[in-house]
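# kindly generate the corresponding structure for this input.
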Amino acid sequence: MVRPEVPYGSGAVRGARALVRRRAVRAAGAVAVVLGLLLWWLLPSSDPAPSGNVTFATGVPTGVYARYGTLLQQRLGRDAPDLDLGLRASEGSVENIEMLVSGKADFTIAQSDAVADYLDSGGEGAERLSACARLYDDYVQLVVPADSPVRSARDLRGLRVGTGEARSGVNLVAGRLLRAAGLDRERDLREEAIGIDRMPSLLAKGELDAFLWTGGLPTSAIEQLARHTRIRLVQLGDLVPRLQRMEPETRYYRPAVMPADAYPDVQQGEPVDTVAVSNLLVTTDRTDPEVAEAVTRSLINSRDQIGNEVHAAQKVDLRTAIYTDPLPLHTGAERYYRAVKP
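You can find the predicted model right below:
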């Protein structure tokens with residue numbers, strides 16, 4: 001059977017052509033959407049990457065703060081290459097806070113008790129301080145020669161004791177621990193206000209009888225000391241009840257246990273009761289939110305990398321990093337945490 005011809009321009013032909021045109025338009029639209037998504041994914045964000053120079057106050061050269069700062073600097077160099085993070089040494093937490101409020105530094109690590117002490121004393125510019133993260137705990141470590149008769153901080157009377165540099169966090173803690181032990185730091189012992197860069201060597205040479213240190217576990221300077229000098233860690237757990245009665249100035253100290261494997265060669269499989277205090281990554285309201293967000297992101301994302309060399313960094317946790325008491329979160333850090341919130 002022969003089908004009749006359909007005249008050109010008839011309704012059927014026009015309908016077929018319209019259908020083809022609509023399909024072509026839809027296909028072109030779909031291609032445009034896909035291309036747009038690819039461009040959005042491949043091209044850089046319209047938001048400018050943070051840039052400029054910022055300064056990070058660390059601590060004494062052989063301390064945990066200094067090594068942490070160096071490793072964070074390296075990570076940030078990859079994550080935010082236009083942001084130049086410079087490092088500046090200090091005596092420790094107390095001086096670090098002073099450097100922040102004076103504008104000599106933009107970021108630092110400081111013990112929460114030192115921060116609280118600055119706030120409580122009405123330190124100049126205290127209202128400008130804020131935090132990007134809670135990091136890890138510092139453990140108070142009382143180190144003596146292995147054959148020392150010292151079994152408690154109370155036994156330090158009359159001895160030569162290193163207590164950290166004058167503007168360090170350990171020096172602040174030392175004063176409170178000695179008071180809890182019933183000792184007057186000026187009358188009852190021969191105090192040496194020197195840092196972890198010098199205390200181990202003086203103990204090894206017999207020029208110190210003991211030294212106090214607050215730091216993450218393990219502290220490399222103490223590990224190195226133990227390789228050539230027989231030393232012992234003295235428990236400080238017996239001071240906890242008295243420290244608790246000294247609140248509010250001691251409210252950021254908590255009872256803690258140094259695990260047996262913190263210094264295996266020193267502890268011989270035995271844990272040591274002590275006191276711990278948390279560390280914060282601190283900045284001020286002068287820091288641009290974009291910069292604070294970038295630094296916070298690098299710090300959290302570099303936990304495993306930094307933790308390979310600074311074991312204390314393995315304790316940095318996204319779930320607890322936001323608890324920065326006694327400081328509020330910086331707006332840039334808060335923005336980062338909101339973005340990654342599950």
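
# which positions in the lengthiest strand in the chain come out as buried?
When the chain is parsed with DSSP state E, its longest strand is strand 129-145. Under the neighbour-count criterion of 16 or more other CB atoms under 10 Å, strand 129-145 has 129-145 buried. C-beta coordinates here come from the backbone N, C-alpha and C atoms, glycine included.

# roughly how far out does that strand sit from the chain middle?
9 Å (CA atoms, centre = their mean, to the nearest Å).

# and the very next helix or strand once past it, what does it pack onto?
The element immediately downstream of strand 129-145 (helix or strand, assigned by DSSP states H and E) is strand 160-162. Packing partners of strand 160-162 (3 or more CB pairs under 8 Å, 6 or more residues apart in numbering; DSSP states H and E): strand 190-192, helix 199-204, strand 210-215.

# residues contacting the shortest one, please?
Contacting residues not belonging to strand 190-192 are listed as 158-163, 185, 199, 202, 208, 211 [CB atoms under 8 Å, 6 or more residues apart in numbering].

# strand partners of that strand, parallel vs antiparallel please.
strand 160-162 (parallel) (DSSP bridges).

# following the chain onward from the strand it pairs with, which element is next?
helix 169-180.

# buried ones in that next one?
169-174, 176-180.

# looking at the residues you listed, which is nearest Leu280?
Gly169 (11.1 Å; CB to CB).

# tell me the spacing between the closest one and Thr163.
Separation of Gly169 from Thr163 (CB to CB, to the nearest Å): 11 Å.

# before we move on, what about Ile97?
19 Å.

# follow-up on the earlier one: make a markdown table out of the buried residues of helix 169-180 and add pLDDT.
Output for those, formatted as a markdown table (pLDDT from 0 to 100):
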| residue | pLDDT |
| --- | --- |
| Gly169 | 95 |
| Val170 | 96 |
| Asn171 | 97 |
| Leu172 | 97 |
| Val173 | 97 |
| Ala174 | 97 |
| Arg176 | 97 |
| Leu177 | 97 |
| Leu178 | 97 |
| Arg179 | 97 |
| Ala180 | 97 |
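
# can you tell me which of the residues you listed is closest to Arg297?
So of the buried residues of helix 169-180, ranked by how close each gets to Arg297 (CB to CB), first place is Gly169, at 26.1 Å.

# nearest residue to that closest one in space, please, no chain neighbours.
Ser93 (3.2 Å; CB to CB, 6 or more residues apart in numbering).

# what bits of the protein have low per-residue confidence?
Low-confidence segments of the chain, defined by pLDDT under 70, span residues 1-48, 342.

# how's it carved up into domains?
Listed domain ranges for the chain are 52-135+279-340, 138-278 (source: automatic domain parsing).

# list the contacts of stretch 241-257.
By CB under 8 Å, 6+ apart, stretch 241-257 touches 111-113, 116-117, 120, 137, 139, 173, 176-177, 179-181, 237, 240, 271-278, 326.

# which among those residues end up buried?
Buried by 16+ other CB under 10 Å: 111-113, 116-117, 137, 139, 173, 176-177, 179-181, 240, 272, 274-278, 326, out of those.

# quick check: the gap between Met199 and Leu142.
From Met199 to Leu142 the distance is 11 Å (CB to CB).

# show me where the chain has strands.
52-57, 83-88, 107-111, 129-145, 160-162, 190-192, 210-215, 231-234, 254-258, 272-284.

# make TSV out of those and add distance to Leu299.
TSV is the format used below for the strands of the chain (distance: least, CB to CB, whole Å):
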stretch	distance to Leu299
strand 52-57	11
strand 83-88	11
strand 107-111	10
strand 129-145	6
strand 160-162	30
strand 190-192	34
strand 210-215	18
strand 231-234	29
strand 254-258	23
strand 272-284	6
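
# looking at those strands, which is closest to Asp304?
That would be strand 129-145 among the strands of the chain, by CB to CB, at 13.6 Å.

# quick one, the closest one and strand 210-215 angle?
Using axes from the mean of the first three to the mean of the last three CA atoms, to 10 degrees, the inter-axis angle of strand 129-145 relative to strand 210-215 is 150 degrees.

# for strand 129-145, C-alpha coordinates in PDB please.
Taking C-alpha atoms only, strand 129-145 is exported to PDB below (Å, rounded to 0.1, in the frame of the first residue of the first chain):
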ATOM      1  CA  LEU A 129      42.100  38.200  73.200                       C
ATOM      2  CA  SER A 130      40.200  35.300  71.500                       C
ATOM      3  CA  ALA A 131      41.100  31.700  70.600                       C
ATOM      4  CA  CYS A 132      41.100  29.600  67.500                       C
ATOM      5  CA  ALA A 133      41.300  26.100  69.200                       C
ATOM      6  CA  ARG A 134      41.900  24.100  72.300                       C
ATOM      7  CA  LEU A 135      45.000  22.100  71.500                       C
ATOM      8  CA  TYR A 136      46.500  19.500  73.900                       C
ATOM      9  CA  ASP A 137      47.300  19.300  77.700                       C
ATOM     10  CA  ASP A 138      50.600  20.200  79.200                       C
ATOM     11  CA  TYR A 139      51.700  17.800  82.000                       C
ATOM     12  CA  VAL A 140      53.600  19.200  85.000                       C
ATOM     13  CA  GLN A 141      56.800  17.200  85.200                       C
ATOM     14  CA  LEU A 142      59.100  17.300  88.200                       C
ATOM     15  CA  VAL A 143      62.500  15.800  87.100                       C
ATOM     16  CA  VAL A 144      65.200  14.700  89.600                       C
ATOM     17  CA  PRO A 145      68.300  12.400  89.300                       C
END
